[in-house]
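Peer 1: sequence isn't available, so here's the structure alone:
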């Protein structure tokens, strides 16, 4: 339902002048508000459509947020500490772009980077500021995650997914995507949904404990079968962090861990391909690490960084400086020029230099402080709050290989999950978090 001018926004009630002034157009503001919410609801589905689709929705939401701020005169969100740091970091990326080997590449990535910041700020301060909207967005996310799980498992069992697509790589599943990312998608988006399940377990009893355990086991199984080792390991890390952060749910989480261990053992015994991918390939990568693909990436990243240690070689320029004599645009990672350093911190170091990496770490510290000071371990909404915050670890854990932080698919996922975490943990009048103000868990 469209919210009228008498309802509250992310910045409190509309003033009398806002309601009275025809130039402010309260009805138009309400339509802007509703349109932005519809776009956000559609965004999880857009990841299934393609890389560009989610980015288009994200960019449109960011533009609407600027229009809304200009029309209403509400720019208080600029005072948010993390927004200030992020905008300074954006200006830095633009300022050093002329010094890149290929300035066009650098500007092409640095100039539109601000859309991610605006989008996350819009989600926190405007689009997801009330209970019902948080519920509806989490439902939208749950539908998409559920479909990805179903389609990926179908591809494993039948050899093709719901649309007739076969796996595009040996030992890997791609599900409804055009690349091998279903495990990554599930790992990076499902943790708030797990938090909802275990939040219900605290409030409503035994059957919801079983639901939480079953959801964890199903997600774990799908990630395992997808063949994505980084997603598998980071999801396991998330379960360990849950165990530490949620002492009230220690036994259910231990049972979930036991079930997942049994699933792991059974899968490795039954599927030789999964065992080869998970154990054989991992041991091969660890053995003589710096002579293998991921070690080669680290070495190349450090060599490229040394050419411009303070400001970096420029965004989207690593691919130009790492070329080998046997360069190929596609193929095994040992034989082609890597498009990016495959680690978020190495990517910032190489392409934005020590100054850029320092700014990025500063942004993470400010975000961490803002999120952690809003968490309340005694509150029944805590599982949702902590799970939304932990979802960011799936992007930022330093000792893992991953996607580029700047590409639209991965970046759109990160800033969407960041906006969700900030919205759920955001303070409300009376000092309560958003989820506390709603009396949930926020998706109950």
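Peer 2: That came through, no problem. As the structure is a prediction and not an experimental result, all values here were calculated from the model.
Peer 1: list the contacts of residue 102.
Peer 2: By Cβ atoms under 8 Å, 6 or more residues apart in numbering, the contact set of residue 102 is 314, 316, 317, 320. Where you see a C-beta, it was placed from the backbone N, CA and C, and this is true even at glycine.
Peer 1: and with 10 Å instead?
Peer 2: 108, 313, 314, 315, 316, 317, 319, 320, 321 (Cβ atoms under 10 Å, 6 or more residues apart in numbering).
Peer 1: just curious, which of these is nearest to residue 170?
Peer 2: Proximity of those to residue 170 (Cβ to Cβ) peaks at residue 319, which lies at 25.5 Å.
Peer 1: not counting sequence-adjacent ones, nearest residue to the closest one?
Peer 2: Of all residues not flanking residue 319 in the chain, residue 339 sits nearest, at 4.9 Å (Cβ to Cβ, 6 or more residues apart in numbering).
Peer 1: dump the contacts of residue 102 into JSON lines; add pLDDT, secondary structure and neighbour count as well.
Peer 2: Below are those laid out as JSON lines (pLDDT from 0 to 100; DSSP: H, G, I helix; E, B strand; the rest coil; neighbours: other Cβ atoms under 10 Å):
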{"residue": "108", "pLDDT": "92", "secondary structure": "helix", "neighbour count": "13"}
{"residue": "313", "pLDDT": "90", "secondary structure": "coil", "neighbour count": "26"}
{"residue": "314", "pLDDT": "89", "secondary structure": "coil", "neighbour count": "29"}
{"residue": "315", "pLDDT": "90", "secondary structure": "coil", "neighbour count": "30"}
{"residue": "316", "pLDDT": "88", "secondary structure": "coil", "neighbour count": "23"}
{"residue": "317", "pLDDT": "85", "secondary structure": "coil", "neighbour count": "22"}
{"residue": "319", "pLDDT": "77", "secondary structure": "helix", "neighbour count": "18"}
{"residue": "320", "pLDDT": "76", "secondary structure": "helix", "neighbour count": "15"}
{"residue": "321", "pLDDT": "69", "secondary structure": "helix", "neighbour count": "20"}
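Peer 1: make a markdown table out of the residues you listed and add distance to residue 52.
Peer 2: Formatted as a markdown table, the contacts of residue 102 follow (distance: Cβ to Cβ, whole Å):
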| residue | distance to residue 52 |
| --- | --- |
| 108 | 15 |
| 313 | 26 |
| 314 | 23 |
| 315 | 19 |
| 316 | 17 |
| 317 | 22 |
| 319 | 20 |
| 320 | 24 |
| 321 | 27 |
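Peer 1: which of the residues you listed sit farthest apart?
Peer 2: Spatial extent of these (Cβ to Cβ) is set by the pair 108 and 321 at 16.7 Å.
Peer 1: many thanks, we can stop here.
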